[in-house]
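Undergrad: sequence plus the predicted model coming up.
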Amino acid sequence: MMNSLTDRMHHQDSPWPAFMAEAVSGVLLVVVILVGFALARGHGVVPLGSPPTFPKIIPSPTVPPTVPPTRSDEIPTLPPLTAVPEKRDHEERLVHLLERMNHTLDTLANPKPPEAFVTALDRLGQQMVQATQSMITAQTRVLEEQTLNHEVLLGIKERLGSLEAVVSGPAPLPETLPRTNEPSYDSVTAPRVVFSGAAQTREQFFFQLRAALTRSQLRVLIDDRTAVITLPANLDFDRGSSAPGPRQRRALAALAHGLAQVLPCHLPHESADKNCPDPSSTAVRIASVRVQGHAAYAPPGTRRFFFNQKLAAARADQALKAMLSSEPDILSIKNHRGEEVFASEGAVIGQAEEKNGQQLDLRFFFEPPDNTGGDSPQSSTERSRETPP
């Protein structure tokens, strides 16, 4: 038992159990020596170092004559040898002491936390799990409420836009016009300027278009020199959005309706509308109409620039789809080459431009010889970009 206990203690990694094992072995050795001395003293064995004793001479008693035993006489049986009470007590105490020491050594080698500490840790873990679940539930409710509130606000915004459109129509507010220093072209208040040559035919075309848009209660900014129509500021796109709202859709529908009335009279003679007015007023011929979406300035080559470029193209594409959905007939309008007149493109504004980058333009290209000098649509584009507003 001692050897196994000592071997087990020597295999522990910590020096404290090894020290306790050595101490216990020494104590056990001392206890065994003391028990041995106690047993030797109880049986009359003289321990080493004690003075010698001599037995006293006692005369032997008279021996009676030997009588042979008979059959009836039996040899008495001796009682079984029993251990001395003191020796048995010492052994029991030694065994009990060894058991307690083994238990103590096991506790030191493999300490166990108190039950109260373990119970407290379990309760703390349960409380943490409950708190986490409560937090997740609260966050989910907050997100649901925010989503619901956002949907309600969008609904209110849509209704306000509808009411505003019903009350004021798609025309912009007076204080929002003009976008630049150019005068506001109204069929009633705009001054009549007479041009000569090819410019006169272009001016007549925009005069007819302006009158048609005014009948649709849509006022726009028209630049005769660059052949560009710009929608008013209150019809700009929201920042970062390419989807036109209800007010923008109504304005685009009015614009498409006005173009559907004017453009058929400015096509090649074989495809022109028979109900057009005096042929002398339709000398200008439309080559293409490009719906141009814009986005805010960003340094070229950056990720923001490419994002804004895609945003501008998406705005132009969505606007053209809204126009075609309200007036599907304008999709069949073709130029003298048999190509569709309407197209869409996007552009990021320059750093020096005064535009806010959220507006929508319509750029017109005319067929020669109505452009001065018989320019092609491509050269007309370059000249219109170089011409200041």
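TA: Here it is on my side, so go on.
Undergrad: backbone dihedrals for Y297, both of them.
TA: Main-chain dihedrals, Y297, degrees, to the nearest 10: phi -70, psi 140.
Undergrad: report how many residues lie close to it.
TA: Other residues within reach of Y297, judged by other C-beta atoms under 10 Å, total 18. The C-beta positions use only the backbone N, C-alpha and C, and glycine is treated the same way.
Undergrad: pLDDT score assigned to it?
TA: At Y297, the model reports a pLDDT of 83.
Undergrad: swap in V45?
TA: On the pLDDT scale, V45 is placed at 48.
Undergrad: mind giving me the packing neighbours of the helix or strand where L121 lies?
TA: Secondary structure assigned from DSSP states H and E places L121 in helix 115-168. For helix 115-168, the elements it packs on are helix 246-262, judged by 3 or more C-beta pairs under 8 Å, 6 or more residues apart in numbering; DSSP states H and E.
Undergrad: which helix or strand contains A316?
TA: Per DSSP H and E, A316 falls inside helix 303-326.
Undergrad: what does that helix rub up against?
TA: 237, 240, 242-244, 248-249, 252-253, 255-257, 259, 291-299, 330-331, 342-348, 357, 360 (C-beta atoms under 8 Å, 6 or more residues apart in numbering).
Undergrad: correct me, but A254 touches S216?
TA: Yes: if you go by C-beta atoms under 8 Å, A254 and S216 touch, sitting 3.9 Å apart.
Undergrad: on that earlier part again, what's the angle between the helix holding L121 and helix 246-262?
TA: Orientation check (axes from the mean of the first three to the mean of the last three C-alpha atoms, to 10 degrees): helix 115-168 against helix 246-262 gives 40 degrees.
Undergrad: end-to-end on stretch 237-245?
TA: Length of stretch 237-245, first residue to last, C-alpha to C-alpha, to the nearest Å: 8 Å.
Undergrad: got the buried residues for it?
TA: 237, 242, 244-245 (16 or more other C-beta atoms under 10 Å).
Undergrad: same thing with stretch 306-315?
TA: Of the residues in stretch 306-315, 308-309, 311-315 count as buried by neighbour count, 16+ other C-beta under 10 Å.
Undergrad: looking at the residues you listed, which is nearest Q139?
TA: Comparing the buried residues of stretch 306-315 against Q139 with C-beta to C-beta picks out L311 as the nearest, at 32.0 Å.
Undergrad: distance-wise, check that closest one relative to Q358.
TA: According to C-beta to C-beta, to the nearest Å, L311 and Q358 sit 10 Å apart.
Undergrad: equivalent analysis for I349, please.
TA: For I349, the distance to Q358 (C-beta to C-beta) stands at 10 Å.
Undergrad: and A314, by the same measure?
TA: For A314, the distance to Q358 - C-beta to C-beta - is 13 Å.
Undergrad: and what of H96?
TA: 95 Å.
Undergrad: for S162, give me the pLDDT.
TA: Note on S162: pLDDT of 57.
Undergrad: could you point out the helix or strand that follows the helix or strand hosting V31?
TA: Element membership for V31 (DSSP H and E) is helix 15-42. Next helix or strand after helix 15-42 toward the C-terminus (DSSP H and E): helix 85-109.
Undergrad: buried residues of that next one, list them for me.
TA: For helix 85-109, by 16+ other C-beta under 10 Å, it's 90, 98, 101, 105, 109.
Undergrad: distance check, the fourth one against D238.
TA: What it means is L105. Note on L105: its distance to D238, by C-beta to C-beta, is 79 Å.
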